[in-house]
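dropping the sequence and predicted coords here.
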Amino acid sequence: MAVEVDIKALYEAGVHFGHKTSRWHPKMAPYIHSKRQDAHVIDLAKTVEALDKALPVITKVAASGKSVLFVGTKKQAKDIVKAAAEKAGQPYVTERWVGGMLTNVATTSAQIKKLKDLEKRMANGDLEKRYNKLEVQRFQEEIDALNLKYSGIKDLNGKPGVVVVLDTLVDANAVREAKNLGVPVVGVVDTNANPDFVDYPIPGNDDAIKGLQLMLDYFVAAAGEGKSKE
């Protein structure tokens, strides 16, 4: 059963609040309902329409066994993006997007292999046997640093089937790399961003945690529906 989007829930979560009119991107004009004081108001009917197009794509990708990569590196969204991705059993990036994370497969794979090897040797006591305490501590610091960058994509096999981005300006590099690889992008696009860079733009407030959480709930439900069809 397709995920049903509730326009009232979007309204209550503040998804319709855009940025100041002085900061708008003209390409967002079709998604703007009106102005309130000095801010734009997003047309939630368009948001529902956009979600109705994007959610089946996420479902289809998950059903095919490919990954849905969740990306949200801005401070206020990190925790909820990680929690949503883990709930969906999907990979995620919530710390800094490392340049070439998707496009430079050789480097990314080598770093992940190194991380997994170090974790294995730390767990089985091999590092402790061979090195002194200070050296073991340095290995642990290296593991922590690698995990900060790559923990969410440790089990990503090949390129993802779709990339879901919560802020297309903050995570423009993720959008760019996905586009270079021909991977479709579902992105929440606020009134100050260009929707043309995203395959499935979702007009909405990209700052309000309540709104982002609601969007994530929809994305997770769509991925879950797909996984049940695998």
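Yep, it's here.

which residue ranges form the helices in this structure?
7-12, 44-63, 78-88, 105-123, 126-130, 133-150, 172-181, 209-227 (DSSP state H).

what packs against the longest one?
Read it as helix 44-63. Counting contacts by 3 or more Cβ pairs under 8 Å, 6 or more residues apart in numbering; DSSP states H and E, helix 44-63 packs against helix 7-12, strand 68-71, strand 162-165, strand 185-189, strand 200-203, helix 209-227. The way it works is simple: take the backbone N, C-alpha and C, and place the C-beta from them, glycine included.

ok, residues contacting the longest one?
Where contact means Cβ atoms under 8 Å, 6 or more residues apart in numbering, the residues beyond helix 209-227 that reach it are 1-3, 5, 9-10, 13-15, 51, 55-56, 58-64, 68, 70, 72, 76-77, 80-81, 84, 87-90, 164, 166, 186, 188, 202, 204-206.

just the buried ones from those residues?
The neighbour-count test (16 or more other Cβ atoms under 10 Å) applied to the contacts of helix 209-227 identifies 3, 5, 10, 13-15, 51, 55, 58-63, 68, 70, 72, 77, 80-81, 84, 88, 90, 164, 166, 186, 188, 202, 204-206 as buried.

list the contacts of the nearest residue in space to residue 78 that is not next to it in sequence.
Spatial nearest neighbour of residue 78, chain neighbours left out: residue 94 (4.2 Å); criterion: Cβ to Cβ, 6 or more residues apart in numbering. By Cβ under 8 Å, 6+ apart, the contact list for residue 94 reads 71-73, 77-79, 81-82, 152.

okay if I get those as a markdown table plus distance to residue 214 and pLDDT?
What follows is these, written out as a markdown table (distance: Cβ to Cβ, whole Å; pLDDT from 0 to 100):
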| residue | distance to residue 214 | pLDDT |
| --- | --- | --- |
| 71 | 18 | 98 |
| 72 | 14 | 96 |
| 73 | 20 | 96 |
| 77 | 13 | 93 |
| 78 | 17 | 95 |
| 79 | 16 | 96 |
| 81 | 13 | 97 |
| 82 | 17 | 97 |
| 152 | 22 | 96 |
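
near residue 86, how many other residues are there?
Applying other Cβ atoms under 10 Å, we find 14 residues neighbouring residue 86.

give the closest residue to it in space, chain neighbours not counted.
Residue 86 sits nearest to residue 92 (Cβ to Cβ, 6+ apart), 7.5 Å away.
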